[in-house]
Structures are given as C-alpha cells and as structure tokens.
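J.: below are the sequence and a predicted model for it; my questions follow.
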Amino acid sequence: MSKPFDLFGLKTYDLLSRPSKVFVEDLGRPVGPDATIEDWLEALPQQLAGKDFRRVCDHVVRTQVEGRTMAVALGGHVIKTGCAPYLIDWIERGVLRGVAMNGAAAIHDLELAIAGKTSEDVAVSLPQGQFGMARETADAFAVAARVGAENEQGLGWALGRYLEKLDCPHAECSLLLACYQAKIPCTVHVALGTDIVHMHPHVSGAGLGEASLIDFRKLCSVIATMEKGVWFNLGSAVLLPEVFLKAVSVVRNFGHSLDGLVTVNVDKVVQYRSAVNVLDRPAAEGYQLTGHHEMLIPLLHAAVASRLARVNVPPQTEAA
C-alpha cells in the first residue's frame, strides 16, 4: 500500500493573480415589477446562454439595420406549441424574409387556419384505422401539389394561395398565408411517406415531388442573399438541417458569398445534424439556444421588438 501524499510544501499562488472565467460583473441582476423587456435582457447573466441570447438579438437587429436577410426553418412542433403568431408578426414588420417548413409544419399550419385546431390523438385514432384520414387536409395538398407544380411556383406558394381563396375562418393563424400575402418565399420540403396526406390516393406523388423540388430551388435563391444574414433552425432535427446544407452547397457552387452568415438553432435538445449542418459547417458564428419553443421564441420576439424600437430600420425589399 502506498503512503498518503504529503501535502506540506504545496506551492500556492495569489488568487487575484489567477486567470478566471467568471467575474462579478457577469452576474445576473434581479429586476423589479416595473422592468421592461430591455431591462430584463440587460440583467441576464453574462454567461453561456444568457450571453448568447443577447448576441442573437443583436444579430437580428443588425440584419434589419444593414438590410440583410433573416430567414427561418421550422418543424411541426413550433406550430403546435403556438409560436406561429410571433413569426407572422416578424413577417408583417419586414423582419423575416423567408420561411422554410417541413410537411408536418405546413399541415398543422393549414389545419389551424381551416378548422381552428390541429394535432390529432394518434393513440386513439391509430387502432381504429382513422389516423391521418382528415379529408380537408388531404384535399388542400392534392390541389396545392398540382397547382404549385403546374405554375412552377412551388408547394408553399400554392398552399398560401389555396388558403387565401378558401377565405378560411382563422386566416390570422397561418404562416403559409402570411408569407403568400407578404410575397415572401415560403418553401415546404416534403419527405414522401412521412406526412398524413401521403396516405390519400388523390394526392399526387409526382405533384408533391415537383412542387417541393421547386421550393428547394426557391430556398437556394433566398440563401444566396444571406451574406452577413441570420438563419434560424427552429425544431427540425434532421430534414431541414439537411435541406439547408444542400442549399448552402448550391449557393457556394454558383459563387455567392456567405461570409458572415450567423446561424441559430432553437430546440429542446441538442441534435447532431442541427449542430453540425446548421451551426458548425456553414456558419461564421453559430448559436445553440436550448429550451422549449413556447418559451424561447416569445422571449426572442419580445427582446428583438424592444431593440428594434430603439433603432431606425430602413424598409426591407423582397428576397429573391
């Protein structure tokens, strides 16, 4: 058995001379009941996500001041957790210049606009053979796939057009419709066999594929404008990070600069593809904000609104 180490004679140093990572000025400050969102933002700890959250807000404001492009990609959970109104407000204010969705996000968005509800109880409907059999949802995609392909305008545009012509009772809830009316690109990226509408025989796989591929090319046009811009990935773990990476490759192949591109991933957990394909490989700066969408997205919206109110922002032009 070895002898205990003799600690007498241990070399020490002055604490004040030691390099450290945390300083008293980094500490958060409680705010009072009359605090503004800006007071709250400035009182966050200057550490980790508290520091990153402020930097993300600064980058969003910078894109508006400089006339750069900000775009978001989102999965279905973002719509289901009630966050579309914050993105719609950004569209109406000219903050957001492009939206990419997976098929689930488009379905939930459309159902909320048409019926005021979405997200069926799969555990109940699946044993009965009724899961995914809603008629109106499938009809909308059947029409939009055909129209989007035939008019070479894509699936997102065609779904927005469909909702406008339908004069749906909850139009104010729809991100698809907000993009269509604001004339900004809204692209829908379909993985065939993953969405409920793919089970319906009158929904054309050829139409969906062609319309969604048109949307991919439209997304490339948006990303081509994103030098010093900001790209948000909201709640898509696999599909949209992969779509984004391929679009970045196309854009760089054509010689467009993406210098200074800032990317932000917002999700409940850190996933491989969103970390690598969104934050690491394509970006000059990448930020991970981990938490619930229904908390982080409203906080981001409020913080950005507060900061935008303090600067003069020139009007934005449409993305390509």
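T.: Received it, and whenever you're ready, just let me know what you need.
J.: okay, CA-based contacts and neighbour counts for the rest of this
T.: Noted.
J.: give me the spatial nearest neighbour of Leu192, chain neighbours excluded.
T.: Spatially, and ignoring its direct neighbours in sequence, Leu192 is nearest to His198 (6.8 Å; C-alpha to C-alpha, 6 or more residues apart in numbering).
J.: check for me that that neighbour belongs to a helix.
T.: Yes. Counting by DSSP: H, G, I helix; E, B strand; the rest coil, one finds His198 located in a helix.
J.: which residues touch it?
T.: Applying C-alpha atoms under 8 Å, 6 or more residues apart in numbering to His198 gives the contacts 138, 192, 205.
J.: which SSE is the first one in?
T.: Translated: Ala138. helix 135-150 (DSSP states H and E).
J.: so what does that helix touch, helix or strand wise?
T.: Here helix 135-150 touches helix 103-115, helix 155-166, helix 205-223, going by 3 or more C-alpha pairs under 8 Å, 6 or more residues apart in numbering; DSSP states H and E.
J.: in that helix, which residues are buried?
T.: 137-138, 140-149 (16 or more other C-alpha atoms under 10 Å).
J.: mind listing what's buried along the strand or helix carrying Val248?
T.: Using DSSP H and E, Val248 maps to helix 239-253. Using 16+ other C-alpha under 10 Å as the burial criterion, the residues of helix 239-253 that qualify are 239-245, 247-248, 250-251.
J.: how about these in a markdown table, adding distance to Ala35 and pLDDT?
T.: Output for the buried residues of helix 239-253, formatted as a markdown table (distance: C-alpha to C-alpha, whole Å; pLDDT from 0 to 100):
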| residue | distance to Ala35 | pLDDT |
| --- | --- | --- |
| Leu239 | 40 | 96 |
| Leu240 | 37 | 97 |
| Pro241 | 37 | 97 |
| Glu242 | 41 | 97 |
| Val243 | 41 | 98 |
| Phe244 | 39 | 97 |
| Leu245 | 41 | 97 |
| Ala247 | 42 | 98 |
| Val248 | 41 | 98 |
| Val250 | 46 | 98 |
| Val251 | 44 | 98 |
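J.: just give me the closest of those to Ala123.
T.: The closest of the buried residues of helix 239-253 to Ala123 turns out to be Leu239 (C-alpha to C-alpha; 24.5 Å).
J.: including pLDDT and distance to Arg55, could the contacts of His198 go into JSON lines?
T.: As requested, the contacts of His198 are arranged in JSON lines below (pLDDT from 0 to 100; distance: C-alpha to C-alpha, whole Å):
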{"residue": "Ala138", "pLDDT": "95", "distance to Arg55": "42"}
{"residue": "Leu192", "pLDDT": "95", "distance to Arg55": "37"}
{"residue": "Gly205", "pLDDT": "96", "distance to Arg55": "43"}
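J.: between those, which sits nearest Ala275?
T.: Of the contacts of His198, the one sitting nearest to Ala275 (C-alpha to C-alpha) turns out to be Leu192, at 24.6 Å.
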